[in-house]
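# quick one: sequence and predicted model below, then my questions.
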Amino acid sequence: MDSRTKGIGRQTLIIAAASFMLIAAAIGAGAFGGTSVDDLQDGALSAQGSYLAPAGPAFSIWSLIYIGLIAYTVWQALPAQRQDARQQAVGGWIAASMVLNGLWLVTARYLTLWLTVVVIALLLAVLARVIVVLGRFPARNLADRILTDGANGLHFGWVTIATVANTAAWLTQIAPENWAQAADAWAIAVLVVVLVIGAAAAWATGRIAPALATAWGLAWLAVGRLTGEPESTPTAITAIIVAVLLVVVGVVAVLRRGARTAQRTSR
């Protein structure tokens, strides 16, 4: 199979994956009737599902992520991207992330809570792979940087915090009641892990989109713990600190990448 045919196949695969993701998103959101995502799994996935669940407005970021992924899908389908080495390397992984994105909604609606944890963990792993691959191939132009790096970076950053919330919701349902006494400590420990993952991703890639998306979720997590149930001031304060640190690391990483690029250009 020649490179041109492989390129068309990759572009078609991404279009099909994006279509599945959007159909699943519409079904999951209750566009065709049925329960909304907040009410699925007996409310475990709602803003009150656990100590690590962001408040409701946080989920509006999905609109931006979907718009970005749709724009990416259209852009990558253009003839100019057909044989692009960067798209050849990352396209299959991005298609897999879109399929898993849609599959999570199907799982949440029709299957069990623990399976949603499995699916979202796989989604996070695939998106991490996308970020790693993109780091090996510099963006060719501004459109590539915004649509490939930006859209998928936001997806990765948000799914990082969504994976934490989803897992916490499942553990909240199955954990012994006496674990609730240490809920603050567990929440803070998990948020520290989120900081390590987010900071490492920003520093390694020099991209700020993942950090911004994760910080967005953390900010609304803080709002949820300060104004809603379950209430937890220590968790909220930790979430705010982690969000600020992630943005700072992201900005420094971008400036560092820019300085390195300028040095290479001047040589």
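In hand now; what should we look at? Here the structure is a predicted model, which is why all the values come from computation and not from measurement.
# neighbours of residue 8, how many?
For residue 8, the neighbour count with other CB atoms under 10 Å is 14. (Each C-beta comes from the backbone N, C-alpha and C, glycine too.)
# pLDDT wise, what is it at?
Looking at residue 8, its pLDDT reads 93.
# how close does the closest residue to it other than its chain neighbours get to residue 21?
Spatial nearest neighbour of residue 8, excluding adjacent residues (CB to CB, 6 or more residues apart in numbering): residue 82 at 6.5 Å. Counting by CB to CB, to the nearest Å, the separation of residue 82 from residue 21 is 22 Å.
# equivalent analysis for residue 207, please.
22 Å.
# the residue nearest to residue 8 contacts residue 5, doesn't it?
No. Contact status for residue 82 versus residue 5: not in contact, 9.7 Å apart, counting by CB atoms under 8 Å.
# more crowded one of those two?
Each of residue 82 and residue 5 has its neighbours counted (other CB under 10 Å); residue 82 has more, 18 against 10.
# what's that one sitting at in phi/psi?
phi -60, psi -40 (degrees, to the nearest 10).
# could you check the pLDDT of it?
Value for residue 82, per-residue pLDDT: 92.
# where does this protein dip in pLDDT?
1-4, 29-40, 42-44, 175-180, 262, 264-267 (pLDDT under 70).
# which stretches of it form helices?
3-28, 61-76, 85-110, 113-136, 142-144, 151-174, 183-205, 209-227, 233-266 (DSSP state H).
# can I get those helices in JSON lines including distance to residue 49?
Formatted as JSON lines, the helices of the chain follow (distance: least, CB to CB, whole Å):
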{"stretch": "helix 3-28", "distance to residue 49": "16"}
{"stretch": "helix 61-76", "distance to residue 49": "17"}
{"stretch": "helix 85-110", "distance to residue 49": "12"}
{"stretch": "helix 113-136", "distance to residue 49": "10"}
{"stretch": "helix 142-144", "distance to residue 49": "37"}
{"stretch": "helix 151-174", "distance to residue 49": "4"}
{"stretch": "helix 183-205", "distance to residue 49": "13"}
{"stretch": "helix 209-227", "distance to residue 49": "10"}
{"stretch": "helix 233-266", "distance to residue 49": "14"}
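# compare those helices and give me the one nearest residue 48.
The closest of the helices of the chain to residue 48 is helix 209-227. By CB to CB, the value is 7.9 Å.
# what's that closest one packed up against?
When contacts are defined as 3 or more CB pairs under 8 Å, 6 or more residues apart in numbering; DSSP states H and E, helix 209-227 packs onto helix 61-76, helix 151-174, helix 183-205, helix 233-266.
# columns mean neighbour count and distance to residue 102 on top of those, output as TSV?
Shown next, in TSV, are the helices and strands packed on helix 209-227 (neighbours: other CB atoms under 10 Å; distance: least, CB to CB, whole Å):
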stretch	mean neighbour count	distance to residue 102
helix 61-76	18	11
helix 151-174	23	13
helix 183-205	18	24
helix 233-266	16	27
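# can you put those in a markdown table and add distance to residue 55?
Converted to a markdown table, the helices and strands packed on helix 209-227 look like this (distance: least, CB to CB, whole Å):
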| stretch | distance to residue 55 |
| --- | --- |
| helix 61-76 | 12 |
| helix 151-174 | 11 |
| helix 183-205 | 15 |
| helix 233-266 | 11 |
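# closest one to residue 50 among the helices of the chain?
Nearest of those to residue 50, taken as CB to CB: helix 151-174 at 3.8 Å.
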